[in-house]
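>>> I'll drop the sequence and a predicted model, then ask my questions.
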Amino acid sequence: MSVTGRTIMGIVLTVAAAAAIAGGMMIVGSPGDARLRRFDDRRLSDLRSIAASIEMYFTRKQVLPASLEDITKEGAWPTPPVDPETGAPYDYRVITEKRYELCATFSRAAEGDPPTWTTDQFWAHTAGRQCFGVDVKEPK
């Protein structure tokens, strides 16, 4: 193969590799997008964990905790979960004696519809600050 043939072959292979990488990023997303998706997945997991801990607290005490630190005193966590990206605490606010609000700031809007098998109230969210009103269940 001549030098010119090798040069053309090198260019073709380089263009093909670049096209494969670009196509892969269009399908999977960039590493930055994947990182933001992981942060949002962690936020959802944290909100679920906080809600479950609040539910247990309410079942035991028949009152909502005044703050997330109150749950920590009960041994749920060493410290309340915090946002994985910023380290800021999640917002918690009592609305009524049986309703509270949990807030987080999401990097991206939720994609798609929730699975049919879930009743996850935290699934649907927009990008940015999102607050969820939660009603505690009456103990049986």
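All right, it came through fine. Remember, it's a predicted structure, so these values are computed and weren't measured experimentally. Numbers count the residues shown, from 1 in each chain.
>>> low-confidence ranges, the chain, go.
Applying pLDDT under 70 to the chain flags residues 1-3, 5-6, 9-29, 112-120, 139-140.
>>> hmm, try it at 90
The chain contains residues with pLDDT under 90 at 1-36, 72-80, 110-126, 137-140.
>>> in the chain, which spans are helices?
3-28, 31-61, 68-73 (DSSP state H).
>>> just checking, F122 touches C131?
No. The criterion here is Cβ atoms under 8 Å, and F122 misses it with C131 at 10.8 Å. For every residue, glycine as well, the C-beta is placed using N, CA and C.
>>> now for these two: what residues contact both?
L102 (Cβ atoms under 8 Å, 6 or more residues apart in numbering).
>>> burial count for Q130?
18 (other Cβ atoms under 10 Å).
>>> show me what it bridges to in the sheet.
Assessed by DSSP bridges, Q130 has beta-bridge partners A104.
>>> contact partners for the residue nearest the centre of the chain?
Geometric centre of the chain, nearest residue: D40, 2.4 Å, by Cα atoms, centre = their mean. D40 is in contact with F106, S107, R108, H125, counting by Cβ under 8 Å, 6+ apart.
>>> kindly report the same for V94.
L64, A66, Y100.
>>> any figure for the gap between it and A76?
17 Å (Cβ to Cβ, to the nearest Å).
>>> rewinding a little: of the contacts of D40, closest to Y57?
Nearest to Y57 among those: H125, at 24.0 Å, using Cβ to Cβ.
>>> can you flag the buried ones in the contacts of V94?
L64, Y100 (16 or more other Cβ atoms under 10 Å).
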